[in-house]
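[1] The sequence isn't on hand, but the structure is:
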């Protein structure tokens, strides 16, 4: 049996834009159509404008290529993250893989059953209950009723909708529908799981549960296609990444490499982002975000830091209205979606004080020998105090990497292997030799504590 689960060769998808759909028009529509046809024939000496199409329909028949000549292979058990900006072709690719729509050109070879969660409600019949939809989806996948029944309780418990399982799906909230949709897709017996933006709906606890389930699915040897704008989730779940840009495959490699390439193309540089146009800047009534940067001690933006060097996390913002106390804050996440720190501003110069209108720059410094190696993602927020109102919250707006050169005085010491942990602070160690030295030290500590 081949090790290839999915083979995509020269895949393209073209949509026709602006073409009028034929149907039952009004009397006025038919009269106007006949008049235009007559005028066209007169203008062209009695000849029609093309093969049965009016000049207007030819003008309207514009085409948009959502995908162009995309080719790749995916092995069994491989988890692949599909990333790219909105409109890059990610969802189109997944719909083609799911056989929801047909390609214009190229071919797809799938050797297994496919289970897909593409958007809220996809694959559900709104008039049927949650219970009925579970059995319907399983039947579509080719499963027998007994097979579905064995999975039923697990699906319902995972979706957390026990008391609503016999309610029509049309009465579900978007979050309930997404939970059930994910539970069905992840638990039914398909060898290929396709998931599009499942983390966009639901609370943080359910998102974490989804990631955990997908990790379990991957360990079972099933193939996963995962689309998300959550870059830490992509690097945590997927070893491989595919970057789409304007319908074309522009990068295929390790998820870390592809995520970094995406951040470069999306943000200009990974480590800085500016909003020069106030109309596009994140803002509230009181404050507006203007820039986020990661910088060195000498003030330069940097994308890569030696593990021993300090890192400056900087946000620049405008205060638009007087009379408000403000709380800027910075959050740092690692590749696995773990929040390493959430730090509000503690500058004593502004504690309890209102900030007059103007431009401000707040910087938090992370000392050297604190972070571990890897890619870090920076989120920033600002809220007013009294009343407590969020002015802006930008998630994963810039990123930077921390590298360990295994040189010098770092927390690694003489150890050359891989160190675990989400941070790596340089701690103060002391080691004593001989029982007399240890006993003397203990007596010294005991005497100090008494006095």
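    Right, received. Where do you want to start? The shown structure was predicted, so the numbers you read here are calculated from the model rather than taken from an experiment.
[2] Helix or strand with the lowest mean pLDDT in this protein?
    Every helix and strand of the chain was ranked by mean pLDDT, DSSP states H and E. The lowest is helix 55-60, at a mean of 45.
[3] Which positions within whichever helix or strand comes after that helix qualify as buried?
    Using DSSP states H and E, the helix or strand that follows helix 55-60 towards the C-terminus is strand 62-75. Within strand 62-75, the residues that count as buried by 16 or more other C-beta atoms under 10 Å are 65, 66, 67, 68, 70, 74. Where you see a C-beta, it was placed from the backbone N, CA and C, and this is true even at glycine.
[4] Bridging across strands, which residues link to the third one?
    To tie it back to what came earlier, the one meant is residue 67. Note on residue 67: beta-bridge partners by DSSP bridges are residue 13.
[5] list the contacts for it?
    11, 12, 13, 89, 92, 93, 96, 103, 247, 248 (C-beta atoms under 8 Å, 6 or more residues apart in numbering).
[6] hmm, try it at 10 Å
    8, 11-14, 88-90, 92-93, 96, 103-106, 244, 246-249 (C-beta atoms under 10 Å, 6 or more residues apart in numbering).
[7] Name the nearest residue to residue 209, ignoring sequence neighbours.
    Excluding the flanking residues, the one nearest residue 209 by C-beta to C-beta, 6 or more residues apart in numbering is residue 158, at 7.4 Å.
[8] okay, now that neighbour: neighbour count?
    20 (other C-beta atoms under 10 Å).
[9] The one 4 residues further on too?
    With neighbours defined by other C-beta under 10 Å, the count for residue 162 comes to 10.
[10] Show the pLDDT at the residue nearest to it when sequence neighbours are not counted.
    With sequence-adjacent residues excluded and distances taken as C-beta to C-beta, 6+ apart, residue 162 is closest to residue 156, at 5.6 Å. For residue 156, the pLDDT comes out at 93.
[11] hang on, residue 156 packs against residue 149?
    No: here residue 156 does not reach residue 149: they are 11.7 Å apart, not a contact under C-beta atoms under 10 Å.
[12] List the buried residues in stretch 171-191.
    172, 176-188, 190-191.
[13] pLDDT on that stretch, on average?
    82.
[14] and the gap between residue 191 and residue 220?
    10 Å (C-beta to C-beta, to the nearest Å).
[15] Mutual contacts of the two, please.
    residue 77.
[16] Extract the residue ranges of the stretch 101-250 of the chain that are flagged as low pLDDT.
    By pLDDT under 70, the low-scoring segments of the stretch 101-250 of the chain are 117-123, 141, 198-204.
[17] For it, which segments count as strands?
    105-110, 114-117, 192-196, 223-227, 240-245, 248-254 (DSSP state E, counting those that start in this stretch).
[18] most neighbours per residue, which of those?
    strand 223-227 (a mean of 24; mean count of other C-beta atoms under 10 Å).
[19] Can you report how many residues lie near the closest residue to residue 274 other than its chain neighbours?
    Counting by C-beta to C-beta, 6+ apart, residue 274 lies nearest to residue 291, which is 4.4 Å off, once chain neighbours are set aside. If you count neighbours by other C-beta under 10 Å, residue 291 ends up with 19.
[20] Distance to residue 327 added to the strands of the stretch 101-250 of the chain, as a markdown table?
    Shown next, in a markdown table, are these (distance: least, C-beta to C-beta, whole Å):
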| stretch | distance to residue 327 |
| --- | --- |
| strand 105-110 | 51 |
| strand 114-117 | 38 |
| strand 192-196 | 35 |
| strand 223-227 | 34 |
| strand 240-245 | 36 |
| strand 248-254 | 38 |
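[21] Give me the average confidence score over the host helix or strand of residue 262.
    Assessed by DSSP H and E, residue 262 sits inside helix 255-267. This predicted structure assigns helix 255-267 an average pLDDT of 76.
[22] From the chain's centroid, how far away is stretch 374-391?
    19 Å (C-alpha atoms, centre = their mean, to the nearest Å).
[23] If you count neighbours, what's buried in that stretch?
    375, 376, 377, 378, 379, 380, 381, 382, 383, 384, 391.
[24] go on, stretch 285-302?
    For stretch 285-302, by 16+ other C-beta under 10 Å, it's 286, 287, 288, 289, 290, 291, 292, 293, 294, 295, 301, 302.
[25] Which member of those residues is positioned nearest residue 125?
    Ranked by distance to residue 125 (C-beta to C-beta), the buried residues of stretch 285-302 are led by residue 289 at 43.7 Å.
[26] if we can go back for a sec, dump the residue contacts of the residue nearest to residue 162.
    Neighbours of residue 156 in contact, by C-beta under 10 Å, 6+ apart: 130, 131, 134, 162, 163, 164, 165, 180, 183, 184, 187.
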